[in-house]
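Engineer: Provided below are the primary sequence and the corresponding predicted coordinates.
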Amino acid sequence: MFKIRQQLMEDHSVNPEIVRDCEHEITACHASKEETEPGKTIDCLMRMAEEHDKAMSKKCEKAVRTLYSVSSKCFL
């Protein structure tokens with residue numbers, strides 16, 4: 001289960017909802033070179049969701065919160 005969680009949290013491209021619903025937010029995260037490292041895109045998206053960033057769409061915020069919820073259950 002840890003491997004699944006690790007993959008979900010490191011590679012945003014394996015989650016179609018994140019790719020579809022967070023296109024603009026991912027582009028914003030990649031504006032910084034450091035955000036292109038493995039896992040950094042998800043970190044950036046989660047930070048945006050936690051801070052209720054106005055640049056984040058409701059669809060993207062929902063996709064990020066769902067990802068977090070699913071990945072958290074991988075430890076149970």
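Structural biologist: Nice, thanks for sending it over.
Engineer: Residue 42 against residue 12, yeah?
Structural biologist: Yes. The pair residue 42 / residue 12 is scored as a contact, 5.5 Å apart, by Cβ atoms under 8 Å. Backbone N, C-alpha and C define where each C-beta goes, glycine included.
Engineer: Please identify the helix or strand for residue 46.
Structural biologist: Residue 46 is part of helix 40-50, with elements assigned from DSSP states H and E.
Engineer: List the buried residues of the next helix or strand after that helix.
Structural biologist: Moving toward the C-terminus from helix 40-50, the first helix or strand encountered (DSSP H and E) is helix 58-73. Neighbour counts over helix 58-73 (16 or more other Cβ atoms under 10 Å) mark 60, 61, 63, 64, 67, 68, 71 as buried.
Engineer: Off-centre distance for helix 58-73?
Structural biologist: A distance of 8 Å separates the centroid of the chain from that of helix 58-73, by Cα atoms, centre = their mean, to the nearest Å.
Engineer: What is it packed up against?
Structural biologist: Applying 3 or more Cβ pairs under 8 Å, 6 or more residues apart in numbering; DSSP states H and E, we find helix 58-73 packed against helix 2-10, helix 16-21, helix 40-50.
Engineer: If you average pLDDT over each of these, which is lowest?
Structural biologist: When the helices and strands packed on helix 58-73 are compared by mean pLDDT, helix 2-10 comes last with a mean of 61.
Engineer: how close does the residue nearest the centre of the chain get to residue 25?
Structural biologist: Closest to where the C-alpha atoms of the chain average out (Cα atoms, centre = their mean) is residue 42, at 3.3 Å. Relative to residue 25, residue 42 is positioned 11 Å away (Cβ to Cβ, to the nearest Å).
Engineer: about what we covered before: the inter-axis angle of the helix holding residue 46 versus helix 58-73?
Structural biologist: 110 degrees (axes from the mean of the first three to the mean of the last three Cα atoms, to 10 degrees).
Engineer: Pull out the buried residues from helix 40-50.
Structural biologist: 40, 41, 42, 44, 45, 48, 49.
Engineer: mind putting these in TSV, distance to residue 17 included?
Structural biologist: Converted to TSV, the buried residues of helix 40-50 look like this (distance: Cβ to Cβ, whole Å):
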residue	distance to residue 17
40	19
41	14
42	13
44	16
45	11
48	15
49	13
